[in-house]
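[1] Provide a 3D model corresponding to the input given below.
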Amino acid sequence: MKHLALWNLSRKRNTPFNFSALGDKVHGIFCAYQYAEQNNTSVTLHINRRCQGDTAESLKHKSKQQMASWNEVHNLFPADKINIQFWDFPISSDKDILKYLKNNNIDADLWYYRGDHIDIVRYFKNKVLLKSNIINNTPEKLITMQWDSNDSGRNINPVKVNAIKKYYTNKGYDIIEIGSRQSLEQIGCYLSKADLHVGVESGMMHMAAAYMPYNKIHVYTGKWFSGHVNRAIDCGTKINYLWEKGLK
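    Numbers count the residues shown, from 1 in each chain. Presented below is the predicted three-dimensional model:
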């Protein structure tokens, strides 16, 4: 059994960050899962629910929503590989997370994207994919897509989106748009059977990374690439694929 702690501070701004978005949750457990599979062990992932400014009342309200969301993500992964444990402790520094856990008789490590502690990036290129246990009828030629993001700066001009969709429908593909209207379990079923996932950087990009090789994920974005996108590109993800081929 390996104990891993999710870090609480943004690497760039050193501000509190508590994996509140769906994509961050999926990616957080995905990283722990890759460590577990590739080291032939199980992992307990320690998660701090507290963020700067949280009160006892806000934590009580948050815990109901966040627990449900974390548990839905957790249920996608093999129970014998990943366990999650929640804590509520004040944020000061990532080192204090380890001290706090140590005081609770837990010897844990942090993981980062390269640098100090465990370098989780090295596990991405040989990642172990999730498999869906759902038996469901899906189109023979299927592409999943997601074009809506909570970050408006990541969204793509609808005219360009329609051109991308038309390109694939002309190739005989059925398109299923995935997102908040489906359960994560259902989305996992579609992703496990799709030929490609196409869309912007958002929660479904992280879901796709858990179910399909990186070279089957096509991300569309502007000139600025986030760290998540850059790491995906390093592993084979295509960036602005059809635009590079001349589609307007």
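
[2] For the chain, which segments are assigned as helices?
    Defined through DSSP state H, the helices belonging to the chain, from first to last, are 22-38, 56-74, 94-103, 158-170, 184-193, 203-211, 227-234, 241-244.

[3] which of these is buried the deepest?
    Per residue and on average, the most neighbours among the helices of the chain fall to helix 203-211, with a mean of 26 (mean count of other CB atoms under 10 Å). Yep, even glycine has a C-beta here, placed from its N, CA and C like the rest.

[4] That helix versus helix 227-234: what angle between them?
    With axes from the mean of the first three to the mean of the last three CA atoms, to 10 degrees applied, the angle from helix 203-211 to helix 227-234 works out at 40 degrees.

[5] now what about helix 203-211, what contacts it?
    The contact list for helix 203-211 (CB atoms under 8 Å, 6 or more residues apart in numbering) reads 21-24, 26-27, 30, 33, 76, 127, 129-132, 144, 146, 178-179, 184, 187-188, 191-192, 197, 199, 216-217, 219, 228, 232.

[6] do you know which of the helices of the chain lies nearest Y113?
    Ranking the helices of the chain by proximity to Y113 (CB to CB) places helix 227-234 first, at 6.5 Å.

[7] What lies in contact with that closest one?
    Residues lying outside helix 227-234 but in contact with it, judged by CB under 8 Å, 6+ apart, are 27, 113, 121, 124, 201, 205-206, 209, 214, 217, 219, 221, 225, 237, 239.

[8] Can you tell me which of those are classed as buried?
    Of the members of these, the ones counted as buried by neighbours, 16 or more other CB atoms under 10 Å, are 27, 121, 124, 201, 205-206, 209, 214, 217, 219, 221, 237, 239.

[9] low-confidence ranges in this protein?
    Within the chain, the segments meeting pLDDT under 70 span 9-18, 50-63, 91, 115-116, 248.

[10] rerun that using 80 as the cut-off
    With pLDDT under 80 as the threshold, the chain has low-confidence stretches at 7-20, 49-67, 89-95, 114-116, 133-136, 150-153, 223, 248.

[11] Go ahead and flag the most central residue of it.
    Note on the chain: the residue nearest the mean C-alpha position is H27, at 2.8 Å, using CA atoms, centre = their mean.

[12] check contacts around F30.
    For F30, the set of contacting residues under the criterion of CB under 8 Å, 6+ apart consists of H206, A209, A210.

[13] so which of the residues you listed comes closest to N150?
    Taking CB to CB as the measure, N150 sits nearest to H206 out of these, at 13.1 Å.

[14] What distance do you get for the closest one to S180?
    14 Å (CB to CB, to the nearest Å).

[15] circling back: the contacts of helix 227-234: which two are farthest apart?
    The widest separation within those, taken as CB to CB, falls between V121 and T221 and amounts to 19.7 Å.

[16] show me the contacts for N215.
    Per CB under 8 Å, 6+ apart, neighbours of N215: G236, T237, K238.

[17] which ones are touching the residue lying closest to Q186 once chain neighbours are set aside?
    Excluding its sequence neighbours, the residue lying closest to Q186 (CB to CB, 6 or more residues apart in numbering) is I134, at 7.0 Å. Applying CB under 8 Å, 6+ apart, one finds that I134 lies in contact with E185, Q186, G188, C189.

[18] ok, 7 Å please
    E185, Q186, C189 (CB atoms under 7 Å, 6 or more residues apart in numbering).

[19] hmm, back to that, of the contacts of F30, closest to I84?
    Closest approach to I84 among these (CB to CB): A210, at 15.6 Å.

[20] Quick check: that closest one vs H3, distance?
    According to CB to CB, A210 stands 22 Å off from H3.
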